[in-house]
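> Build me a model from this:
(3 chains)
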Amino acid sequence: MDGSFAKPPLTGEGMHALAAELYPICRSLTGDGVRRTLARVAREVPLEIVEVPTGTPVLDWEVPREWNIRAAWIETLDGRRVVDFADHALHILNYSRPIDMVVSREALAKHVHTLPQQPDLIPYRTAYYADTWGFCMAHRTWEAMTDPEYRVVVDSTLEPGRLTYGELHVPGTTEGDILVSLHVCHPQLANDNLSGLVVATALAQRLLNGPKRRLGVRFVFLPATIGAITWLARNEAAVDRVRHGLTLSCIGDPGPFHYKRSRREDAAIDRAVAHVLAARGVEHGILPFSPYGYDERQYCSPGYDLPVGCFMRGVHGTFPEYHTSADNLDFIRPEALAESLSVLAEVLDLLDADVTYARTDGGKGEPQLGRRGLYRQIAGQKDQGGLDQMAVLWVLNLADGKHRLLDMAERARMPFAKVRAAARACEEAGLLEVVPDTRR
Amino acid sequence: MDGSFAKPPLTGEGMHALAAELYPICRSLTGDGVRRTLARVAREVPLEIVEVPTGTPVLDWEVPREWNIRAAWIETLDGRRVVDFADHALHILNYSRPIDMVVSREALAKHVHTLPQQPDLIPYRTAYYADTWGFCMAHRTWEAMTDPEYRVVVDSTLEPGRLTYGELHVPGTTEGDILVSLHVCHPQLANDNLSGLVVATALAQRLLNGPKRRLGVRFVFLPATIGAITWLARNEAAVDRVRHGLTLSCIGDPGPFHYKRSRREDAAIDRAVAHVLAARGVEHGILPFSPYGYDERQYCSPGYDLPVGCFMRGVHGTFPEYHTSADNLDFIRPEALAESLSVLAEVLDLLDADVTYARTDGGKGEPQLGRRGLYRQIAGQKDQGGLDQMAVLWVLNLADGKHRLLDMAERARMPFAKVRAAARACEEAGLLEVVPDTRR
Amino acid sequence: MDGSFAKPPLTGEGMHALAAELYPICRSLTGDGVRRTLARVAREVPLEIVEVPTGTPVLDWEVPREWNIRAAWIETLDGRRVVDFADHALHILNYSRPIDMVVSREALAKHVHTLPQQPDLIPYRTAYYADTWGFCMAHRTWEAMTDPEYRVVVDSTLEPGRLTYGELHVPGTTEGDILVSLHVCHPQLANDNLSGLVVATALAQRLLNGPKRRLGVRFVFLPATIGAITWLARNEAAVDRVRHGLTLSCIGDPGPFHYKRSRREDAAIDRAVAHVLAARGVEHGILPFSPYGYDERQYCSPGYDLPVGCFMRGVHGTFPEYHTSADNLDFIRPEALAESLSVLAEVLDLLDADVTYARTDGGKGEPQLGRRGLYRQIAGQKDQGGLDQMAVLWVLNLADGKHRLLDMAERARMPFAKVRAAARACEEAGLLEVVPDTRR
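A predicted model of the protein is given here:
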């Protein structure tokens, strides 16, 4: 990346428009849906597209066969199509094998998935490693299908091919990285997870347009589970650089934010997200780690134990639109996408600024602020947006080479920004210096 | 122990019947009462009876003289017995020295113990190292004794002899033991502590009838304080093997369970008992350690600091029957004894199963459950009593060679049994292995 | 110190009388006000008076010029004095430079400080390093001054001289010290901080009259901030001996006690003060550390991080009399001073007695109390003020060479005095011995 690539960051409307463009595409673990999706992202940011052949061993798994689908429908024996993949990508059971046959309604029933409690919605179902086929449809549609027999056609391929993922590394000045991971394998669903995709894209644009940072940021656009496992298996050096991380999921709905902590429960990322959400005063929930959810499952597996949490608005499985056709473009909102972007940017900024300080004078007693002009700056605090006196005192008191700025903000019960401003002023006045990180 | 000795475990009724058999015996720190009691237990389980001579130095103490009593009474000068040890063993102040004399009522009063607030009950009193004599009686009895003089007779001996205790070791496959300790020195009292004696006997029978276990279990049937001190002094190697321990006291009444934690407050035994009681949903109280109570005082003395808690139903000193003749065979119930046994068995089973696991594959990412048949087992969970999916995920996530199963159950907020089932299925599937214990 | 100097400790009335004597003196960071104040204290206790020349480098600072004031007033052009330093030392802005000129009311307004919300009170204001002048007065006075011009006179000097502070070390038998620090730079104010000065004086008298103690106590009577910095800079060896410390401020008002914890938050001093206040059952508040307040700011700076908390009744900035002429001799009470002294004496006694014990027998099992006479002492507890049985058991249980007496008292939830009495009885009985301190 040489900085020549610097589209301005997408706005809330721009993110929504990008989601709308990608919405109809039928994505899956593998195949052209993901490939087309990532290619579109690559027009926004310099995304590297990686293809990994079927059969490649990856940790305990191997890369599966590639699945592609051209068409699929159910028609009456007189040729009237009653369910058609062309109308909605959710109609096909993801990873259905090819078929073309006439079946009795009774036999068909075993291959039909509906939601009787939400009879107008199409469910999202997958059968990745099951060697079967199926259709998903509104329960009302199924109830209206009363013919004794139907013709079912699935024009799909399930063959050796490749698994596709995208990666973008925005390097920092140190070897540490923040990992931002999101899944790209869901078909025609908006919140889950086009929202994550478009916000990550805008976040990357923001970083590419901004000044060089201390920490690098590594974005990975992955098919869920197998994609994360594939990336982990192939990128030991990059994994080793991860200092903090987030998975993004369902961040386009207008509901409150949710954050699921990393396996470590009190990693810097866990405290940073909680701090930013609390300091903003927005409604939110902090959830303990559990080994169920998104790709944090892989990053937090015991052999890695990376400090990676999951950033959400709606929590998977808990909102009625989840994994149905109601998770559509109306469900996600430009202003919600923009707010999610803003929170994430603030979290990344906080982590980047979260360094350890030490007093240049050894820290004995309080330094004399007056002769360094800091008193004047403090005095002006209310009228001229000056420094916060208490923040200055806290920073000087805790700058012992052991406290990071977030430690200080937490102990002082102050917003990080105030503490950071105080620390920088003290640094400029020659009172503080940054202590280089030892790996942690 | 060769397994040839394996009476089936006593039922609740069986335990109550055994208590009834032992109830009338006058036990004390030493003497034939304890000897007869342990001999009866030895017909149920292969109890080793140990005799330690008077004067043997044991830690800071020495084994006291042996006390035996044949008869004791108070009679009117015309020969009518008004208080008789033959009626109730509590009538004699434990360790009374022999006497036969006529005394004024006034002089007698100094040797009479009653409970004015519970005028129908006989108190239990001892004078182990006091070289005195006395009688305990209902306050109403004492009030009715209006003669100016009485003849008092105590036909006892206090002479060099032996202290008697019982021990039974059910070995495990490792060198670690669970210590189960109970006091056997109380005369004609049921809950305190025939309940502990009969439940320990049944628990030992259960272990002797079951398969070999990881941890051994060592039962000690001891006179309180001096018995524990004697056992500790003489068994350094056995003490060294104790990994967990419990004293049992007053576990036959129908009240809620109580558990007093070990001096360490968060030892595995403390967490195990709390987990089992909470998972059962029974009413119970968890009490902090204090250096007052039963023989956990000795095990938790600073030179040992063994992880030994105290398992009770009624708490000493807090129920009205405590140390009175109302602590009788009606006060303890077969079903309460059976429930206490069941809880203790579950605690021992939990500790035995509480091993540390590690992933055989190094723990990078989640393993593929499908090709190992674990997915099928999970899928069947609701209908066929299969595995709990979340338990499997937690176990695979926490199997890092540092977490024991109880750690996992606590963190996952799941019953231990679910986590254990998940771990064993994963172990059978080759995903997990037990990490050998380093001593702790 | 040879004990020849031993005035009996001041009573509450005596402390109040001493405060009254010192009240009118105009103190400041430097100058004769402090000098006279410390000379008066030196007639009560053998205070060493230290003078440090202007310009001496002390940590990040240097000793300022010495300020002295003879007179200051505002008069009408016809010679009527409307505000006069002779009436109240607060009338002069502390560290005002000399001036003698006629100014318009408008120009004067910029140099006048009042409290419009408390129109009858004179505020206390300083301008230590500002090279300016000013007057403080009741708002009503200022409103009544309607002449177009006034003559202002400040007869002060601001010249090279010395900074004066006082120090008194009462040595102990070990090299560890308790630091008691108080500020002496406030002019005509009673609670802030003549209260601290007179209580510290009485506390020193108490120590000088008492037996030799384990810990030394070092009193420092300092001008705030620059005084503490000067003392720290010049006394590295003494600083190194500080094991615990307190700053004293505003301890003469009748309100509840407040204690601000040290930067460490759970140092022995923090726990000791909280224990004493709780055990007394008096109303009090415990405040977290913050780097704003008194000279604990310097002691708790990161290069020292000494365990020094701040002991107060009224908290600076929170009571209406704070830094006004209402902080006068009526605001402080003899009985409040006496109670503050009593609490401080108890804290110092506790710290002095807070040693680590170990069982002389290695701690295996409970020792036999009877043959050492401890049982008799316990038995007599209720009637004869004997030992508390539970305290004896706790002490014997926790005497493992790792617990101090305060640790024991906290764990046993008992007053320190009970635990100390039990420990001493056990020590006399040969059961316990004190474990020498390793530096901490």
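> Could you pull out the strands in the stretch 251-400 of chain A for me?
For the stretch 251-400 of chain A, the strands defined by DSSP state E, counting those that start in this stretch occupy A:257-260, A:284-287, A:308-312, A:356-359, A:400-404.
> May I have the strands that pair with the last one, each with its orientation?
Strand A:400-404 pairs in its sheet with strand A:356-359 (antiparallel), by DSSP bridges.
> Contacts only, for the closest residue to A:Thr30 other than its chain neighbours.
Spatially, and ignoring its direct neighbours in sequence, A:Thr30 is nearest to A:Glu66 (4.2 Å; Cβ to Cβ, 6 or more residues apart in numbering or on different chains). Bear in mind the C-beta positions are built from the backbone N, C-alpha and C, glycine included. Contact analysis of A:Glu66 by Cβ atoms under 8 Å, 6 or more residues apart in numbering or on different chains lists A:Thr30, A:Gly31, A:Thr54, A:Thr157, A:Leu158, A:Glu159, A:Pro160, A:Gly161, A:Arg162, A:Leu163.
> Could you report the pLDDT at A:Val170?
pLDDT for A:Val170: 98.
> List the contacts of it.
A:Met1, A:Ala204, A:Leu207, A:Leu208, A:Arg213, A:Gly216, A:Val217, A:Arg218, A:Phe219.
> What is the burial count for the last one?
Neighbouring residues of A:Phe219 were enumerated by other Cβ atoms under 10 Å in any protein chain shown; the total is 25.
> Ok, the fourth one next?
Neighbours of A:Leu208 under the rule other Cβ under 10 Å: 21.
> Show me the helices in the stretch 151-300 of chain A, by range?
Counting by DSSP state H, counting those that start in this stretch, the stretch 151-300 of chain A has helices at residues A:196-209, A:226-234, A:236-241, A:268-280, A:296-299.
> returning to what we had before: of the contacts of A:Glu66, grab the buried ones for ChimeraX.
Applied in ChimeraX, the following selects the buried portion of the contacts of A:Glu66 according to 16 or more other Cβ atoms under 10 Å in any protein chain shown:
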select /A:30,31,158,161,162,163
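> can I see the domain layout of chain A?
Following automatic domain parsing, one finds the domains of chain A at A:12-62+A:162-353, A:66-159, A:356-435.
> Could you single out the most deeply buried of the ones you listed?
Counting by mean count of other Cβ atoms under 10 Å in any protein chain shown, domain A:12-62+A:162-353 has the highest mean neighbour count of the domains of chain A, with a mean of 21.
> First-to-last residue distance for that domain?
Using Cα to Cα, to the nearest Å, one end of domain A:12-62+A:162-353 lies 26 Å from the other.
> secondary structure class for A:Cys26?
coil (DSSP: H, G, I helix; E, B strand; the rest coil).
> That one contacts A:Ile92, doesn't it?
Yes - if you go by Cβ atoms under 8 Å, A:Cys26 and A:Ile92 touch, sitting 7.3 Å apart.
> residues touching the nearest residue to A:Ala71 once chain neighbours are set aside, list them.
In this structure, A:Ala71 finds its nearest non-sequential neighbour in A:Asp155, 4.4 Å apart by Cβ to Cβ, 6+ apart. Contact partners of A:Asp155, counting by Cβ under 8 Å, 6+ apart, are A:Ile69, A:Arg70, A:Ala71, A:Ala72, A:Pro98, A:Asp100.
> which residues pair with the last one across the strands?
It refers to A:Asp100. Residues in beta-bridge contact with A:Asp100 (DSSP bridges): A:Val153.
> Likewise for the first one?
Bridge pairing for A:Ile69 (DSSP bridges) gives the partners A:Ser156.
> quick one: it and A:Ile25 touch, right?
No - using Cβ under 8 Å, A:Ile69 is not in contact with A:Ile25; the gap is 11.2 Å.
> Checking A:Ala107 next. Helix, strand or coil?
Assignment for A:Ala107 (three-state DSSP): helix.
> what about the closest residue to A:Lys402 other than its chain neighbours, distance to chain B?
Nearest residue to A:Lys402 in three dimensions, chain neighbours excluded: A:Thr356, at 7.1 Å (Cβ to Cβ, 6+ apart). Between A:Thr356 and chain B the computed distance is 27 Å (Cβ to the nearest Cβ, to the nearest Å).
> Ok, A:Leu189 next?
Going from A:Leu189 to chain B by Cβ to the nearest Cβ gives 23 Å.
> Likewise for A:Cys250?
With distances taken as Cβ to the nearest Cβ, A:Cys250 is found 20 Å from chain B.
> Spit out the residues that contact A:Cys26 and A:Ile92 alike.
A:Ile69, A:Phe85.
> on that earlier part again, let me have the contacts of A:Asp155 in a markdown table, extended by distance to A:Pro436 and pLDDT.
Putting these into a markdown table (distance: Cβ to Cβ, whole Å; pLDDT from 0 to 100) gives the following:
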| residue | distance to A:Pro436 | pLDDT |
| --- | --- | --- |
| A:Ile69 | 53 | 97 |
| A:Arg70 | 56 | 97 |
| A:Ala71 | 59 | 98 |
| A:Ala72 | 58 | 98 |
| A:Pro98 | 59 | 96 |
| A:Asp100 | 65 | 98 |
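> So for whichever residue of the stretch 151-300 of chain A sits closest to chain B, what's the pLDDT?
In the stretch 151-300 of chain A, the residue that lies nearest chain B is A:Pro291 (3.9 Å; Cβ to the nearest Cβ). Looking at A:Pro291, its pLDDT is 97.
> Show residues contacting stretch A:410-418.
A:271, A:275-276, A:279, A:350, A:353-354, A:388, A:390-391, A:394, A:398, A:403, A:405-406, A:409, A:419, C:290.
> right, and A:Gln118 touches A:Thr324 too?
Yes - counting by Cβ under 8 Å, A:Gln118 touches A:Thr324, with 6.4 Å between them.
> Correct me if wrong: A:Ile332 contacts A:Asn191.
Yes - contact criterion Cβ under 8 Å: A:Ile332 and A:Asn191 qualify, at 5.2 Å.
> any residues in contact with both of these two?
A:Gly252, A:Asp253.
> Just grab the bridge partners of the spatially most central residue of chain A for me.
Central residue of chain A (Cα atoms, centre = their mean): A:Leu248, 2.0 Å from the mean position. For A:Leu248, the beta-bridge partners are A:Leu182, A:Phe311 (DSSP bridges).
> ok, it - contacts?
A:Val180, A:Ser181, A:Leu182, A:Asn193, A:Ser195, A:Gly196, A:Val199, A:Ala200, A:Phe311, A:Met312, A:Leu344.
> Which member of the residues you listed is positioned nearest C:Met145?
A:Leu344 (60.4 Å; Cβ to Cβ).
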